[in-house]
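Chemist: generate coordinates for the sequence data below:
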Amino acid sequence: MADLALSPIRRSTSLTKEVIGRLRQAILTGELKEGTSLPEAQTATKLGVSRVPVREALVELERQGLVEFDRNGRACVRGFTQDDAAEIISLRANLQRMAARLAATKLTDADVGALEDILSRARAENDLTAFSALDSAFHDEIVRIARHKRLSRLWEDVRAQMELWLARTHRRRESVKHDVRQATLASHREMLDVLKSRRPDEAGNLMERHCSWTEFTV
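Modeler: Alright, predicted model coming up:
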């Protein structure tokens, strides 16, 4: 298990939230790789906490889809099969297509500013995991702009798995093509320009294409 991710926790804030945050970040960065075992007692010892917040954190991370338990109740970092990836890609494409169509009809100047700010921060970001988080944030913002409560709820239920899939996909693509930042920024710029044109059909179609690529998925 990675020592940096599981160094002792020293904060006085909610231990469960702290453990969730520490493990979640380590999973997203790949410091804790897919399939890595997360034994409750050992994890608690490394974090310097009792087993209770670790147990609660693992249950929450399992709910988010970042951790899975085997039949004996042992936790490990979740891996994605080809079927998992296909489901994530298709669901992401359809939810984002709907969000983009709605966002194109509801976009305000403040919304444009929020999206521009995310793009600006992404352009300046050199860390790939942080860049992937900003990629996810761009799509989160489009869901927010859609102003559709039930869509937002569905998105929130699955976004952790989508963020993990995206972070892993970015690392794989970057190791081969070295173009993740350029390709993502260009695609997001095109998406924002279409949203600003207030053309919902074009926005939805473009978003579906953007979210449906399958290269380097597992």
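Chemist: only C-alpha atoms from now on, for both contacts and neighbour counts.
Modeler: Will do.
Chemist: I'd like the domain boundaries of this structure, if you could list them.
Modeler: Domain assignment for the chain by automatic domain parsing gives 15-77, 82-211.
Chemist: ends of the longest one, what's the gap?
Modeler: One end of domain 82-211 sits 16 Å from the other (C-alpha to C-alpha, to the nearest Å).
Chemist: which pLDDT value belongs to Glu190?
Modeler: We have a pLDDT of 97 for Glu190.
Chemist: ignore what I typed, I meant Asp109.
Modeler: 97.
Chemist: count of neighbours near it?
Modeler: 8 (other C-alpha atoms under 10 Å).
Chemist: now it: how far from Leu195?
Modeler: On the measure of C-alpha to C-alpha, Asp109 and Leu195 end up 11 Å apart.
Chemist: with Cys211 instead?
Modeler: Where Leu195 is concerned, Cys211 sits at a distance of 16 Å (C-alpha to C-alpha).
Chemist: kindly report the same for Leu166.
Modeler: 23 Å.
Chemist: show the subsequent helix or strand relative to the top helix by length along the chain.
Modeler: Using DSSP state H, we find that the single longest helix of the chain is helix 149-176. Using DSSP states H and E, the helix or strand that follows helix 149-176 towards the C-terminus is helix 180-196.
Chemist: could I get the buried residue list for that following helix?
Modeler: Val180, Arg181, Thr184, Leu185, His188, Met191, Leu192, Val194, Leu195, Lys196 (16 or more other C-alpha atoms under 10 Å).
Chemist: and the angle for it with helix 149-176?
Modeler: 150 degrees (axes from the mean of the first three to the mean of the last three C-alpha atoms, to 10 degrees).
Chemist: the most centrally placed residue in the chain and Trp155, how far apart?
Modeler: For the chain, the residue nearest the mean C-alpha position is Glu163 (1.5 Å; C-alpha atoms, centre = their mean). Distance, Glu163 to Trp155, by C-alpha to C-alpha: 11 Å.
Chemist: who are the neighbours in contact with the residue nearest to the centre of the chain?
Modeler: Leu28, Ser132, Ala133, Ser136 (C-alpha atoms under 8 Å, 6 or more residues apart in numbering).
Chemist: closest to Gly113 out of those residues?
Modeler: Ser136 (16.9 Å; C-alpha to C-alpha).
Chemist: in the helix or strand encompassing that closest one, what's buried?
Modeler: Element membership for Ser136, per DSSP H and E: helix 128-146. By neighbour count on 16+ other C-alpha under 10 Å, the buried set for helix 128-146 is 128-146.
Chemist: for the chain, what are the low-confidence residue spans?
Modeler: Across the chain, residues meeting the criterion (pLDDT under 70) sit at 1-6, 8-13, 214-218.
Chemist: try it again with 80
Modeler: For the chain, the stretches with pLDDT under 80 are 1-13, 213-218.
Chemist: and the helix or strand where Ala100 lies, what does it pack onto?
Modeler: According to DSSP H and E, Ala100 maps onto helix 82-106. The helices and strands touching helix 82-106, judged by 3 or more C-alpha pairs under 8 Å, 6 or more residues apart in numbering; DSSP states H and E, are helix 128-146, helix 149-176, helix 180-196, helix 200-211.
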